[in-house]
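In: fold the following and give me the result.
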Amino acid sequence: MQRRQNPLVVLMAVIVFGCACAAQNSASQKQNGPEGSQKSAEPGSSEKVPEINGNLGACSVEIRVIDSAGKPVYGAQVSVHIRYGFGGFHRLDLQIGTNSDGLARFVGLSNRARMPLSFYADYHERETVVPVDLGQNCHQKQDAAIPDKPAPPPQE
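Out: Predicted coordinates for the structure are as follows:
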């Protein structure tokens, strides 16, 4: 005679296992910092590119922030909001500043996240968006041209 498991017991076991996995993931993120590992470069150093690791995969994106004259912008903030996993329920926000060459690198990105990813480059209230689809090319280099004037506030 076989013993049948109560469906409620099986459901509770799945919930407990899911909570344990989430707690372990949270602990590893606290150990690595909430935004992954981050390296920053000294101003004027053209060798080191600041980089942030999303710890999601093997893809990378290098963003070069330039002004309307094509010159690199130092100190611009580049950010991305990543939705991944089943149904896009997992989310990760990454942000990093550019070096003197206007470069910022995002590594450890997944090509299975919701595409395209929108990278926002912001400098003194001037912003531009760079869409990147890692499903087509896993390692990309993109330029983000910052406009000359800030965008006007929305009219009500």
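In: grab the nearest non-local neighbour of Pro147.
Out: Excluding the flanking residues, the one nearest Pro147 by CB to CB, 6 or more residues apart in numbering is Arg126, at 5.4 Å. Just so you know, the C-beta spots here come from the backbone N, C-alpha and C atoms, and that holds for glycine as well.
In: and the one you found, how many neighbours?
Out: 17 (other CB atoms under 10 Å).
In: so it sits against Ala145, correct?
Out: No: the pair Arg126 / Ala145 is not scored as a contact, 10.2 Å apart, by CB atoms under 8 Å.
In: ok, which stretches of the chain are helices?
Out: Secondary structure of the chain (DSSP state H): helices at 7-32.
In: distance of Tyr126 from Ser118?
Out: For residue 126 the amino acid is Arg, not Tyr. Computed as CB to CB, to the nearest Å, the Arg126 to Ser118 distance reads 16 Å.
In: quick check: mean pLDDT of stretch 68-81?
Out: Across stretch 68-81, the average pLDDT comes to 94.
In: swap in stretch 102-119?
Out: Mean predicted lDDT for stretch 102-119 stands at 91.
In: quick one: buried residues of it?
Out: Going by neighbour count (16 or more other CB atoms under 10 Å), the buried part of stretch 102-119 is 102-110, 113, 117, 119.
In: can you give me the end-to-end span of it?
Out: End-to-end distance for stretch 102-119: 14 Å, by CA to CA, to the nearest Å.
In: against Glu125, how distant is the residue lying closest to Asp148 once chain neighbours are set aside?
Out: The spatially closest residue to Asp148, leaving aside those adjacent along the chain, is Ser68, at 5.0 Å (CB to CB, 6+ apart). Distance from Ser68 to Glu125, counting by CB to CB: 15 Å.
In: more neighbours: those two, which one.
Out: The neighbour comparison of Ser68 against Glu125 (other CB under 10 Å) goes to Ser68, with 11 against 8.
In: who's in contact with the more buried one?
Out: Contact analysis of Ser68 by CB atoms under 8 Å, 6 or more residues apart in numbering lists 145-148.
In: among those residues, who's most crowded?
Out: For the contacts of Ser68, the largest number of neighbours (other CB under 10 Å) sits with Ile146, at 19 neighbours.
In: looking at the chain, which helix or strand is least sure?
Out: One helix or strand of the chain scores below all others by mean pLDDT, DSSP states H and E: strand 38-39, with a mean of 46.
In: for the protein, what are the low-confidence residue spans?
Out: Residue ranges of the chain with pLDDT under 70: 1-47, 150-151.
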